[in-house]
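Chemist: Here's my sequence, what's the structure:
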Amino acid sequence: MNEGHIVEYIDDQKVLSAVVLETKKNRLRILNENNREVNISEKRISLGSEKKISLKQSRETISKTLKDFSTLSEENAKEVDIESLWEILNSESDWVDIDTAAELWFGDAPEPFQKSALMRAMFYDRLYFKFNHSQYLPFTPDQVEQLKIQKQEEERKKNIIKKGSLWLKENIGKQTPEPPPDDLDLIKILSSFYLLENESNYSDLAREIFREAGIEPGLKVFKLFVRLGIWDSDENTDLLKYELEKDFSNNILEAVKNLEKEDNSIDFSKRRDFTGLKTFTIDGKNTKDFDDALSFEEKEGKLIAGVHITDVGFHIKKDTPLDRNARLRGSSIYMPDEKIPMLHPKISENNASLVKGEERPAISILMELEDDFSVKDYEITPSVIKVSDQITYDEADELINSGTSKELSKLYTSAKKLREKRFSSHAVHISIPDTDVYVDENKNIEIKVLERETPAWLLVSEFMIMANHLMAEFLKSNSIPAIFRGQAKPETRHYEGDKGTLLMQFLQRKEMSRVIISTTPEPHCGLGVNSYITSTSPVRKYFDLVCQRQIKSAFGLETPYTTEELDEITARLDNTMSSIGRVQFQRKRYWILKYLEEKRGQKEPAMVISDKKFNNYSIVLLNYMMESKLPATSGMNLKPGDNITVTIQNVNARSDILSVHLS
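Modeler: Predicted coordinates for the structure are as follows:
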């Protein structure tokens, strides 16, 4: 490529003609058809021509000549049928140079503008040839077909971006927006990006739509979906984000109907008959799925405390549609405004629920107590029970405090003994008050901070911990694999027993090790026991149902899971349970923030729980047991444990924003 020769190169997806002004090593100084001087590498030249232009002419004249050459090449490029040329050459497996290709199409001795025309045609239609400078390699028929599909998809996406951005721009601010065109799948694209952001399969497409529309993604999109009637103003988007199943499919509804038709008579021959034993449930006032009951009796000079767990496996057989659906769900989901059960309510609130006065199959853990009410021995047995009373926590507290229930008083005394034993084993006791958030059908929000350390709560908690521990010991001693839970000791202990202040408990909670789930029993330092499973809530948790089946296998009532099967179940449920935990936490937080939206400017008691970091203190709002940040201002010198008063400044539940300042 010498001075005066016409060359062509690609810039910003356009083919430009130029003339070489100077060559220096591997670089060229050129003047292009737009009368612009450019320094480029020789490697950027797509086509060199033998046609020359006199450099003695004016730049304007040279540019016009280049323009004319480019125009003539473009006109001839329109006459080139690349597909027909490909059909001639696709049987060849070698590269074809521009001269050969031009001769095939234009005939012998093609003109420079004809070679340029062919090069341009190849550049515009890239379905049939791979090109490298002035050489071309025909794609195989399969490659061409794939490229056609790819091109169609690209055109489809361009159409979505063009039409979608236009619709978004026109409707984002409308009070009554128009639905998007049916052929765009725009709701799926935008909602997926709102929920998942970069993890969405449509993230690139959605970003282009927003960019073309000149709109920032975020809260505006949520509000648009609300106005379109797609989402509610308080939509639980986390359920959508984590794809947690809410409704029951027709297949499951049919299985529930069939279950109701089945003979549910209980075979007493393999079970102990405790229908004459006084058993009672203790639950919240709104509970409908009763999965555990308690009992206490003095028999033959022995004190016997009983924990009786409903036998869910009696109704839900392994690997049936109902069982597979329960495994998919993993757990019931409890939120202030909604409960999503693991099992259909006709099972969880009827067949498998310990309803008062109804015979129910169960697994009973019977604990023989010493005179000081510590556990001397235990027995686990399949049973049949009939609940005598269903008591709320408040009612149980009143009965214990008044001493009017002998059974509850004895159990409470024993529960305190059980706790003392756990404390002597260095259990880490954290009993930060819980926040009960209830939202009625009219979206009225009630918030109440509940003290955990009531007699009834202590009683139920300790006996459930002991029952789970004894079932773990039972499985371990019988060499039956199970889903055991262990927890390592924290590096720092802030207190022993129940001596921790509220601040100490917050600090200790942050230092606790993660619970490890495995098929090998390990000590659980948080609970102060050598082995532990969860099996007292099989109506609500699939892990508990699995462990209950392992217990039943010891009595010939189930085929036990193998270790490999348990590992598979654990692996499958790991993400599900994490998602459920996040959904429950975020939904409670959402409704507390929603409540606080009406409290802007209101003063609230708080406690400092950490020193200043990054110009913020960590605090907890005591009326809601919710942590927040407090910006540190000049002269502010707070320390952990300080009781302060803050003012609610800015709250937005949908954006998860809460800001406060020191009053």
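Chemist: Looking at stretch 479-491 now, give me its mean pLDDT.
Modeler: This predicted structure assigns stretch 479-491 an average pLDDT of 96.
Chemist: since we're on the residue lying closest to K241 once chain neighbours are set aside, how many residues are nearby?
Modeler: In space, not counting the residues next to it along the chain, K241 is nearest to L195; the distance is 4.4 Å by CB to CB, 6 or more residues apart in numbering. (C-beta placed from N, C-alpha, C; glycine too.) Burial of L195, expressed as a neighbour count using other CB atoms under 10 Å, amounts to 17.
Chemist: Give the helix, strand or coil label for L195.
Modeler: helix (DSSP: H, G, I helix; E, B strand; the rest coil).
Chemist: Roughly how far does it sit from S58?
Modeler: Taking CB to CB, to the nearest Å as the criterion, L195 is separated from S58 by 62 Å.
Chemist: And for K476?
Modeler: In this view, K476 and S58 are 97 Å apart by CB to CB.
Chemist: Which one's more surrounded, these two?
Modeler: K476 (17 against 8).
Chemist: what sits against the more buried one?
Modeler: K476 sits next to 482, 521, 531 when contact means CB atoms under 8 Å, 6 or more residues apart in numbering.
Chemist: go again using 6 Å as the cut-off
Modeler: 521, 531 (CB atoms under 6 Å, 6 or more residues apart in numbering).
Chemist: Same question for E349.
Modeler: Applying CB under 6 Å, 6+ apart, we find E349 in contact with 288-289.
Chemist: And for K220?
Modeler: Contact analysis of K220 by CB under 6 Å, 6+ apart lists I172.
Chemist: Could you report the pLDDT at it?
Modeler: 93.
Chemist: ok so it is a helix residue?
Modeler: Yes - assessed with three-state DSSP, K220 lies in a helix.
Chemist: lowest-pLDDT helix or strand in this protein?
Modeler: Across the helices and strands of the chain, mean confidence by mean pLDDT, DSSP states H and E is lowest for strand 129-132: a mean of 86.
Chemist: Let me know the next secondary structure element after it.
Modeler: Tracing the chain C-terminally past strand 129-132 and defining elements by DSSP states H and E, one meets strand 135-138 next.
Chemist: Show me what that next one is packed up against.
Modeler: Under the contact criterion of 3 or more CB pairs under 6 Å, 6 or more residues apart in numbering; DSSP states H and E, the helices and strands touching strand 135-138 comprise strand 129-132.
Chemist: Mind listing the strands the strand it packs on pairs with, and their directions?
Modeler: Based on DSSP bridges, the strands next to strand 129-132 in the sheet, each with its direction, are strand 135-138 (antiparallel).
Chemist: Could I get the average pLDDT for the partner strand?
Modeler: In this model, strand 135-138 carries a mean pLDDT of 89.
Chemist: What of stretch 252-271?
Modeler: Across stretch 252-271, the average pLDDT comes to 89.
Chemist: With stretch 48-59 instead?
Modeler: Taken as a whole, stretch 48-59 has an average pLDDT of 92.
Chemist: Figure out the length between the terminal residues of it.
Modeler: With CA to CA, to the nearest Å as the measure, the first residue of stretch 48-59 is 20 Å from its last.
Chemist: where are the low-confidence patches of the stretch 51-200 of the chain?
Modeler: Low-confidence segments of the stretch 51-200 of the chain, defined by pLDDT under 70, are absent.
Chemist: do you know how far the residue nearest to the spatial centre of the chain is from V226?
Modeler: Nearest to the mean C-alpha position of the chain, counting by CA atoms, centre = their mean, stands Y242 at 3.7 Å. Separation of Y242 from V226 (CB to CB): 21 Å.
Chemist: in its sheet, what does the helix or strand where T645 lies sit against?
Modeler: In this structure, T645 is located in strand 643-652 according to DSSP H and E. When sheet partners are counted by DSSP bridges, strand 643-652 sits next to strand 603-608 (antiparallel), strand 657-662 (antiparallel).
Chemist: got a list of contacts for the least confident helix or strand of the chain?
Modeler: By CB under 6 Å, 6+ apart, the list of residues contacting strand 129-132 from outside reads 122, 136-138.
Chemist: can you redo these as JSON lines with distance to S634?
Modeler: Conversion of these to JSON lines gives the following (distance: CB to CB, whole Å):
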{"residue": "M122", "distance to S634": "69"}
{"residue": "Y136", "distance to S634": "71"}
{"residue": "L137", "distance to S634": "70"}
{"residue": "P138", "distance to S634": "74"}
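Chemist: separation between the residue nearest to K241 and D238?
Modeler: Distance, L195 to D238, by CB to CB: 9 Å.
Chemist: burial measure for the closest residue to I189 other than its chain neighbours, as a count.
Modeler: When the adjacent residues along the chain are set aside, I189 lies closest to Y202, with 4.3 Å between them (CB to CB, 6+ apart). If you count neighbours by other CB under 10 Å, Y202 ends up with 19.
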